[in-house]
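> With the sequence up front, the predicted model follows.
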Amino acid sequence: MEKMTSKDLVQLEDKYGAHNYHPLEVVLARGEGVDVWDVEGKKYYDFLSAYSAVNQGHCHPRIVNAMIEQSKTLTLTSRAFYNDALGPYEKFVTDYFGFDKVLPMNTGAEAVETAIKVCRKWAYEVKGIPENEAKIIVCDGNFHGRTTTIISFSNDEDARKNFGPYTPGFIRIPYNDTEALADALKEDNVAGFLVEPIQGEAGVFVPDEGYLEKAQALCKDAGALFIADEVQTGIARTGSLLAVCGNCSCGNTCKKDPETYVQPDILILGKAISGGAYPVSAVLADNHIMNVIKPGQHGSTFGGNPVAAKVAVAALEVVKDENLAANADRLGKIFRSEMNRIIENTELVLKVRGKGLLNAILINDTEDSETAWNLCVALKKNGLLAKPTHGNIIRFAPPLVMNEEQLLDCVRIIENTIMNFEK
Ligand SMILES: *Cc1c(COP(=O)(O)O)cnc(C)c1O
């Protein structure tokens, strides 16, 4: 059979796949580190990292080897039986993030669902909220995944419309607004506050300095659980191990620096916890919360499988051994300062914002214009892959294994593309 071209492959997806995504027209066939190659052999810098799942770079040999070795030995037992990889992983991951217990799942949305269930059960059995009355506070512009319950509290029309009836029990307030949070916490029967430390999908909204500290303190006073969804911001992406670590001075070893760490009651992780090799997600909490879950009350056939366990350990070891948090912090500062230099010389870009290597530029055009999309098409032609988020915002999130020379090469590509772009 003749080798299929990119065009053939796009047509296949178009014909046989549901149209639930609108991909940039590039068909990737190979990846290594910060680079990916299309079917025709053209090389690109990956500036999306599969929505921050590939923080450790494409096909990291340590992660891939862990996956291969374990897949040859034992792939799935279900949790009907014990397996010899899960316990060691559970000890490793709880030590790594400083919690008593972990509940292993597969995708980010499943982990968010898990956190919601744990929070509600805690509310009834520990806090004493009357049955079926628990409320969880969430934020405008949130993105927590695609399940029926999660889209019920989204305010993105595309995510929500015609998928009702919706799951009740959520109060939505503005993001980055501690007064609104204080008011909402005064309502009866509030069980928790679910928040992204930086809103990724909404367009990389970084809240004000002190927002998370204040929000956590308000939750504590009100006896509500502070639930951090770090599926996108976690695992070194924002320049510290977790975004709730804040601007800690301990770089890569960051763990609960009392000056900066904001302690979540429940921490949700996914994406880069596996380095993008395999679907792995995790919900972490201490015993007084996690122990509300008893046998038969929650689970997943694949959750905690031995391949996932081995892959996650390897992926998290890479984060520490290769100093990815410190690298993301340092390169992020260079990136934003370079973008600001470019912004001074163009009308096309209004602003850069972000933290570590989770950044976005705001394009100077209306919400519904195609400018951001067309700029991404031009970037692609010039060898760099990025994607617009909402409206006229382009997210820039390369793998964290990038070095300074590569980053500056990417800055040159972005600068040339912007300077030569015609609407
Ligand atoms: C991607 C994401 C999710 C959902 O993860 P999936 O693996 O796609 O289900 C949840 N929360 C945040 C903040 C995310 O960025």
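Yep, that arrived. Residues are numbered from 1 along each chain as shown.
> OK, contacts around whichever residue of the stretch 301-423 of the chain sits closest to the ligand?
Here the stretch 301-423 of the chain gets closest to the ligand at one residue, L358, 10.2 Å apart by CB to the nearest ligand atom. Bear in mind the C-beta positions are built from the backbone N, C-alpha and C, glycine included. Taking CB atoms under 8 Å, 6 or more residues apart in numbering, we find L358 in contact with S52, I198, G200, V204, Q232, T233, R237, T238, G332, R395, A397.
> partner residues bridging it?
K355 (DSSP bridges).
> and it, what pLDDT?
At L358, the pLDDT value in this model is 98.
> Same check on D368?
So D368 comes in at 86 (pLDDT).
> Quick check on it: phi, psi?
phi -100, psi 10 (degrees, to the nearest 10).
> That one: neighbour count?
Using other CB atoms under 10 Å, D368 has 7 other residues around it.
> so it touches H390, yeah?
No. In this structure D368 lies outside contact range of H390 using CB atoms under 8 Å: 10.9 Å.
> Overlap in contacts, those two.
With CB under 8 Å, 6+ apart, D368 and H390 have no common neighbours.
> Name whatever forms a beta bridge with A282.
Beta bridges link A282 to P104, L269, judged by DSSP bridges.
> Contact partners for it?
V93, V102, L103, P104, M105, A111, I268, L269, G270, I273, A312.
> In PDB, list the C-alpha atoms belonging to stretch 393-402.
Provided in PDB are the C-alpha atoms of stretch 393-402 (Å, rounded to 0.1, in the frame of the first residue of the first chain):
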ATOM      1  CA  ILE A 393      -5.700  34.100  22.800                       C
ATOM      2  CA  ILE A 394      -2.800  31.800  21.800                       C
ATOM      3  CA  ARG A 395      -1.400  29.600  24.500                       C
ATOM      4  CA  PHE A 396       2.300  28.900  24.400                       C
ATOM      5  CA  ALA A 397       3.300  25.800  26.500                       C
ATOM      6  CA  PRO A 398       6.400  24.000  25.200                       C
ATOM      7  CA  PRO A 399       7.700  20.800  26.900                       C
ATOM      8  CA  LEU A 400       9.700  21.700  30.000                       C
ATOM      9  CA  VAL A 401      12.800  19.900  28.700                       C
ATOM     10  CA  MET A 402      13.400  22.800  26.300                       C
END
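> and that stretch, average pLDDT?
For stretch 393-402, the mean per-residue pLDDT is 98.
> Would that stretch count as contacting the ligand?
No. Counting by CB under 6 Å from any ligand atom, the ligand is not contacted by stretch 393-402; separation bottoms out at 10.7 Å.
> so how many other residues sit close to the residue of the chain found nearest the ligand?
Nearest to the ligand, among the residues of the chain, is G108, at 2.1 Å (CB to the nearest ligand atom). Residues lying near G108 (other CB under 10 Å) number 27.
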